[in-house]
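# sequence plus predicted model, see below.
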Amino acid sequence: MTAIKHALQRDIFTPNDERLLSIVNVCKAGKKKKNCFLCATVTTERPVQVKVVKVKKSDKGDFYKRQIAWALRDLAVVDAKDAIKENPEFDLHFEKIYKWVASSTAEKNAFISCIWKLNQRYLRKKIDFVNVSSQLLEELPKVAEESVPSGENQSVTGGDEEVVDEYQELNAREEQDIEIMMEDCEYAISNAEAFAEKLSRELQVLDGANIQSIMASEKQVNILMKLLDEALKEVDQIELKLSSYEEMLQSVKEQMDQISESNHLIHLSNTNNVKLLSEIEFLVNHMDLAKGHIRALQEGDLASSRGIEACTNAADALLQCMNVALRPGHDMLLAVKQQQQRFSDLRELFARRLASHLNNVFVQQGHDQSSTLAQHSVELTLPNHHPFHRDLLRYAKLMEWLKSTDYGKYEGLTKNYMDYLSRLYEREIKDFFEVAKIKMTGTTKESKKFATLPRKESAVKQETESLHGSSGKLTGSTSSLNKLSVQSSGNRRSQSSSLLDMGNMSASDLDVADRTKFDKIFEQVLSELEPLCLAEQDFISKFFKLQQHQSMPGTMAEAEDLDGGTLSRQHNCGTPLPVSSEKDMIRQMMIKIFRCIEPELNNLIALGDKIDSFNSLYMLVKMSHHVWTAQNVDPASFLSTTLGNVLVTVKRNFDKCISNQIRQMEEVKISKKSKVGILPFVAEFEEFAGLAESIFKNAERRGDLDKAYTKLIRGVFVNVEKVANESQKTPRDVVMMENFHHIFATLSRLKISCLEAEKKEAKQKYTDNLQAYVIYSLGQPLEKLNHFFEGVEARVAQGIREEEVSYQLAFNKQELRKVIKEYPGKEVKKGLDNLYKKVDKHLCEEENLLQVVWHSMQDEFIRQYKHFEGLIARCYPGSGITMEFTIQDILDYFSSIAQSH
């Protein structure tokens, strides 16, 4: 505990100008035992502040940290729990009650005693001590002071002098001496001045005795001086002897100097010999190539794994010998020059052997790989190059050696590899795309139609050759396929220049299975190409030791016109490429090796677009996903760049598809002899939207579809109004009402968020045109009555009072009765029946709006009836004139007519 007390004083309280008076090791009552220390401290500066400080040992080290401090004046009660029995528990009442358990009762008693003393001295007995024995408060401090004489009144400063407070209590021995002295003097208390004078006299007597004692020691001083004189004489005699010895040693010194010089020359000779031996050993150890390594470089087997390993070790040893850092002057030695020339010859010989062998491996592997193409000709899979890569990777370390020693041959191997592999991959990829095209066209309904149509086969052949041509361009006329689609499509959309009839076969001829099959084929094509490109790029990086990670941004213009001599033109000096150039080199090699991928993909995309323009939706989603995946791996890689370029083509086809659809809307022609009904491009938009929503669900390019939706829907709106205005057989309001109702129903069902405004607009246009058609149609069955009351309203509008209208000649009561008689109930029902038939002729069955329109007409007819009755009551009051049919009759007429049909 003493060591802990000193450590706490030194580390925590001394820096804060505080003295540690007492310490107790405690833990909180009733909780997990986490020990800490309660310390009673006072400040060394005035005014003195007394505190109780809680100190805790740090969890991460052996040092202590101050956790919380309370001022002693805030302490209200000290509860020792039991004044009779020994109990380590006690409570301190500050702003709240803190319950503690001391490690021992003795420590607890000492701490409470210290608190009691501080309370007596500084707080004038403000603290209440409960359950504390009076013996502890009276006697324990004396015992503590005797056992620790300076513990509570001195500060631990770690070796410095202890600072004593102005008030210092007497220890037990001092109190005893004072009591004895005061007992000898009876008036020590009653007459303090006399007592002090007596003490002063006694002190003077003691001082005099001390002086006499010093004077009595003079004889001893004289004896000491005599002894010092004798010692000086002995020193003189010793100096004389030392002088004689020095003269004798002088001659010995000269002889030793001669011996030392001779030894120096011998040491210098030995040092030179050691250095010479070190130089010879350095040259022998670093420029001597083992015979086994020389034999491996000259005639080692580069076909077997053991031979490759031996050649690799030999090449590394040769490289170390050639790259050894010679010391100054070594290059002037004839033996060193001869050895360096020998190393150069070995390097040249092995580089030629290695380059020749690898060229043969490239050629042989190309032949072996091409022999396996036949088995892949009927399957939509690309040959696996992993065995080829695995065999070549055995030479990776030798390629690294060749790159660092003879960059010219390394560059030549790189060119040869690209030449051989580009031809091999071109055959494989072209065959692969041929299979994909056959699967797309050979098993679909379109191919069967091509085979059965009585059309010249030359046109079909011309189209197929233009798609499969090696030039990668789409040539030939598209009129042949246009004619095919017109002849083969007997449905409504082809006859009316439908939305999807854009130089392709009608989309109605393709079912969902065909489109799903195309989607799977296109996805499989991309899924086969991706691992092929990634595996080849990874192999190139490992085999040719090129950096491919953290690619630097580069311009694709460097790779657009890549030919066989590009790489040699870049580095004809034979020096290794920097890191950024190595990354460009990987991309350029990939472009040269896979130069046919982008044209073949473009051909495949063109074929898919010709089969069905809706395929551009599938291709846009799939291609976007693969581009996004590739860019996450490496945005500047060959795969990412190539797929990005193809994605641009797909996006153009998609935009072209949308533009052609809008153009076809504008060019649509309607029949003048039959009713219009639902316009073809409105039905096609529904089909397009339904398909697009299923394809673009959770797709990355949703924004492109939303833009297309906006363009298409605006085109649909504009052209519906255009066709409605041009319609002769069907009223404009019917065309508008039916088509906008269909559009509203489609948008409500698909819930396309970007077309919410258009959905509301379609609903408004449908409602407006429905109302307009109803009002227009109802004017015909009661035409004369309608005209009569229009005249009445006109007179009222001119300022004639309503009750005076009946005095107008043309609108008197007799004229009104005459007009009303022309429309008896039977005549009204007949007119409504004719109206129902006419409305039925106007409306199409697809939209099923007849009952909706008929119900609206009923409501409008009743509204007009009530309006007419109101005018009769206001303008012809008291005349007793009424219509010859009632509202109930009207309801019966409408109901019976609807049921009869």
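Great, that's in hand. Residues are numbered from 1 along each chain as shown.
# on the three-state scheme, Val78 is what?
Put simply, Val78 is strand when judged by DSSP: H, G, I helix; E, B strand; the rest coil.
# could you report the neighbour count for it?
Neighbour count for Val78, taken as other C-beta atoms under 10 Å: 20. (C-beta placed from N, C-alpha, C; glycine too.)
# cool, Ser527 as well?
14.
# helix or strand for it, which one?
Using DSSP states H and E, the element containing Ser527 is helix 512-543.
# could you do Glu700 as well?
Under the criterion of DSSP H and E, Glu700 resides outside all helices and strands.
# who's in contact with it?
Ser624, His625, Trp628 (C-beta atoms under 8 Å, 6 or more residues apart in numbering).
# can you pull the pLDDT of it?
Here, the pLDDT recorded for Glu700 equals 73.
# relative to Lys751, how far out is it?
Glu700 sits 21 Å away from Lys751, going by C-beta to C-beta, to the nearest Å.
# break the chain into its domains for me.
1-136, 200-287, 290-372, 381-443+511-547+580-663, 668-779, 782-899 (the TED database).
# by contact count, what packs against the helix holding Ser527?
helix 386-392, helix 396-405, helix 407-442, helix 579-593, helix 597-611, helix 615-633, helix 638-667 (3 or more C-beta pairs under 8 Å, 6 or more residues apart in numbering; DSSP states H and E).
# which strands or helices does the fifth one pack on?
Applying 3+ C-beta pairs under 8 Å, 6+ apart, one finds that helix 597-611 contacts helix 407-442, helix 457-468, helix 512-543, helix 615-633, helix 638-667.
# what about the helix or strand in which Leu242 is found, average pLDDT?
For Leu242, the host element (DSSP H and E) is helix 218-286. Across helix 218-286, pLDDT averages out at 85.
# Leu392: what's its closest spatial neighbour, skipping adjacent residues?
Excluding the flanking residues, the one nearest Leu392 by C-beta to C-beta, 6 or more residues apart in numbering is Phe543, at 5.7 Å.
# what mean pLDDT does the longest strand along the chain get?
Ranked by residue count and defined by DSSP state E, the top strand of the chain is strand 18-28. Taken as a whole, strand 18-28 carries a mean pLDDT of 91.
# tabulate the domains of the chain (a markdown table), appending distance to Asp184.
Listed next are those as a markdown table, based on distance: least, C-beta to C-beta, whole Å:
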| stretch | distance to Asp184 |
| --- | --- |
| domain 1-136 | 32 |
| domain 200-287 | 11 |
| domain 290-372 | 98 |
| domain 381-443+511-547+580-663 | 104 |
| domain 668-779 | 111 |
| domain 782-899 | 135 |
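# and the residue nearest the centre of the chain, what pLDDT?
Nearest to the mean C-alpha position of the chain, by C-alpha atoms, centre = their mean, lies Asn632 at 10.6 Å. Each residue has a pLDDT score; the one for Asn632 is 82.
# how about the nearest residue to Trp628, chain neighbours excluded?
Nearest in space to Trp628, with sequence neighbours left out and distances taken as C-beta to C-beta, 6+ apart, is Glu700 at 5.3 Å.
# an error on my part: the question was meant for Val525.
Once flanking residues are discounted, Val525 sits nearest to Ala436: 5.3 Å by C-beta to C-beta, 6+ apart.
# now do the SS call for Arg595.
Three-state assignment for Arg595 (three-state DSSP): coil.
# if I look at the residue lying closest to it once chain neighbours are set aside, how far off is His787?
Once flanking residues are discounted, Arg595 sits nearest to Ser422: 6.4 Å by C-beta to C-beta, 6+ apart. Ser422 sits 87 Å away from His787 when distances are taken as C-beta to C-beta.
# so between the two, which is more surrounded?
Using other C-beta under 10 Å, the more surrounded residue of Ser422 and His787 is Ser422, with 18 against 11.
# contacting residues for the more buried one?
By C-beta under 8 Å, 6+ apart, the residues touching Ser422 are Lys592, Ile593, Phe594, Arg595.
# so the first one versus Lys409, what's the distance?
Okay, so that is Lys592. Separation of Lys592 from Lys409 (C-beta to C-beta): 19 Å.
# for whichever strand or helix holds Glu761, packing partners?
Glu761 is part of helix 756-778 when elements are defined by DSSP H and E. Contacts defined by 3+ C-beta pairs under 8 Å, 6+ apart place helix 756-778 against helix 702-726, helix 732-750, helix 825-842, helix 850-875.
# tell me the gap between the following helix or strand past the last one and the middle of its chain.
Using DSSP H and E, the next helix or strand after helix 850-875 towards the C-terminus is helix 887-900. Between the centre of helix 887-900 and the centre of its chain there are 69 Å (C-alpha atoms, centre = their mean, to the nearest Å).
# and stretch 612-620, by the same measure?
That offset, for stretch 612-620, works out to 31 Å (C-alpha atoms, centre = their mean).
# Val132 contacts Ala80, correct?
Yes: counting by C-beta atoms under 8 Å, Ala80 is a contact partner of Val132 at 4.5 Å.
# which residues are in contact with both of these two?
Counting by C-beta under 8 Å, 6+ apart, the shared contacts of Val132 and Ala80 are Ile112.
# let me know how buried Leu283 is, in neighbour terms.
18.
# do Leu326 as well
Number of residues near Leu326 (other C-beta under 10 Å) recorded here: 15.
# isn't it up against Lys337?
No: using C-beta under 8 Å, Leu326 makes no contact with Lys337, being 10.9 Å away.
# export the contacts of Ser422 to CSV and append columns for distance to Tyr865, neighbour count and pLDDT.
Shown next, in CSV, are the contacts of Ser422 (distance: C-beta to C-beta, whole Å; neighbours: other C-beta atoms under 10 Å; pLDDT from 0 to 100):
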residue, distance to Tyr865, neighbour count, pLDDT
Lys592, 86, 21, 91
Ile593, 85, 24, 89
Phe594, 80, 23, 89
Arg595, 82, 17, 90
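# nearest to Leu92 among those?
Taking C-beta to C-beta as the measure, Leu92 lies nearest Phe594 of those, at 83.4 Å.
# for the closest one, grab phi and psi.
Main-chain dihedrals, Phe594, degrees, to the nearest 10: phi -110, psi 40.
# check contacts around it.
Going by C-beta under 8 Å, 6+ apart, Phe594 touches Ser422, Tyr425, Ile429, Cys533, Glu536, Phe638, Thr642.
# quick check, nearest of these to Glu379?
The nearest one, if we look at the contacts of Phe594 relative to Glu379 and count by C-beta to C-beta, is Ile429, at 14.4 Å.
# would you agree that closest one is in contact with Glu600?
Yes: using C-beta under 8 Å, Ile429 is in contact with Glu600, at 5.9 Å.
# more neighbours: those two, which one.
Neighbours were counted for Ile429 and for Glu600 using other C-beta under 10 Å; Glu600 has more, 24 against 21.
# for that one, which non-adjacent residue is closest in space?
With C-beta to C-beta, 6+ apart, the residue lying closest to Glu600 is Phe433, at 4.4 Å.
# what sits against the residue nearest to Ala724 when sequence neighbours are not counted?
Using C-beta to C-beta, 6+ apart and skipping residues adjacent in sequence, the residue nearest Ala724 is Val735, 3.8 Å away. By C-beta under 8 Å, 6+ apart, the contact set of Val735 is Val676, Leu679, Val720, Val723, Ala724, Ser727.
# so who does the residue lying closest to Trp854 once chain neighbours are set aside touch?
Sequence neighbours aside, Ala898 is the residue nearest to Trp854 in space, at 5.8 Å (criterion: C-beta to C-beta, 6+ apart). If you count contacts by C-beta under 8 Å, 6+ apart, Ala898 has them with Tyr836, Gln851, Trp854.
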